Structure formats: C-alpha cells, structure tokens
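Enquirer: Sequence plus predicted model, see below.
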Amino acid sequence: MGAFTFGGGIVMLGFIEKELRSTGLIDTDEISGMMVLATAFPGPVAVNMAFLAGRRLAGIRGAVLAIIGTSLPPFLTILLLSKVLLRSMHEPWLASFFLGATCAVVVIIGQVVYGMTKISFGRGWKDVLTFALVVFLLMGLQLHPFIALGSGLFLRLLLGEGDIS
C-alpha cells in the first residue's frame, strides 16, 4: 500500500503535466522547471506542482484553488472508502486490485521519468553530464537527494550557460 500511496503523487504529477501541455499556456521548458521545483520541495509532489501551476496561471487565488482541487478529492475518497477497505482488506479481489493498480503506477512513473530524461538529454552535453552526476550520487553512492541535487546544481552553474554540442 505504501508504494501505491507514494506513486499516487507521481501519477497526479503526470496528469497535471499532461493537462498543462494540452492547454498551450505554459511552454515545455517552464513545465519541466515546475516539475523539478515540485519534486525538490517537501510535501506531496502533486500539491506542489498544482501550487506552482495555479500561481503561474492565476496568481495566489489560482494557487489556493489548485491546492484545494488537488488535495480535496483524494482526501474525501479515502475518507469515504476507508471503512469499506478496512473491512475487506483480507479479500483476494481487493489485494488483486491493489496489485494491478501498483503495476499501473509503475508505468505512469516510468512515463514521467522518461519524459524528464528525454528533455534533459535533448539540451546538450552539459545537462547530460549533470544528469549523470545526480544519478550516480543518488544510486551509486546513495547520497541524500538534497546533496545529490545540490551537487548537480553546483556543477551546472560551474559549467555555465551556452552549449558546445
């Protein structure tokens, strides 16, 4: 259940990204920047992304409404279904449902990661090098994400603007 709960925010992040792209009001680079900020700040990723998008599109009022619109429906759904779920958790059909939902979450997370990686790799060798450093620090050395991201930011600032592809 924990992986499904974690994945729920990423699923919402993918959904918010798709909706923002379809409006055409915010360009791809800005959406990517919002996604990076949303994952860097503490708290639910989907709520962070909704805040950033709502603020960008409609100011503080938009940010507040985006947060309410992102957090209220799941909260009410969990509140209404919790009693049924607690009574039926031992049922095989419910366990099968959550197993299937977990598989769907993995696919959606994969799509979001693939999209962000494709954007990172499409901008030149400096961004590819920065991406590789952060992945190495996170997965190879298993450093804290803030240290890895901070190191990536520091490297990218050292490399400077412009690209020599």
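Expert: That came through fine. The structure displayed is predicted, hence computed values, not measured ones. Residues are numbered from 1 along each chain as shown.
Enquirer: Show me the helices in the chain, by range?
Expert: 2-23, 28-40, 45-88, 92-121, 125-135, 145-159 (DSSP state H).
Enquirer: which of these has the lowest average pLDDT?
Expert: Out of those, helix 2-23 stands lowest, with a mean of 65 (criterion: mean pLDDT).
Enquirer: Now the phi/psi pair for Asp27, please.
Expert: phi -80, psi 170 (degrees, to the nearest 10).
Enquirer: how many neighbours does it have?
Expert: Number of residues near Asp27 (other Cβ atoms under 10 Å) recorded here: 11. Heads up, the C-betas are built off the backbone N, CA and C, glycines and all.
Enquirer: follow-up on the earlier one: now render the helices of the chain as CSV, adding mean neighbour count.
Expert: Converted to CSV, the helices of the chain look like this (neighbours: other Cβ atoms under 10 Å):
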stretch, mean neighbour count
helix 2-23, 16
helix 28-40, 16
helix 45-88, 15
helix 92-121, 13
helix 125-135, 16
helix 145-159, 14
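Enquirer: my read: Thr117 touches Phe131, true?
Expert: Yes - judged on Cβ atoms under 8 Å, Thr117 makes contact with Phe131 at a distance of 7.2 Å.
Enquirer: Now do the same contact list for the nearest residue to Ser151 once chain neighbours are set aside.
Expert: Nearest residue to Ser151, sequence neighbours excluded (Cβ to Cβ, 6 or more residues apart in numbering): Leu137, at 5.8 Å. Counting by Cβ atoms under 8 Å, 6 or more residues apart in numbering, Leu137 makes contact with Leu143, Ile147, Ala148, Ser151, Gly152.
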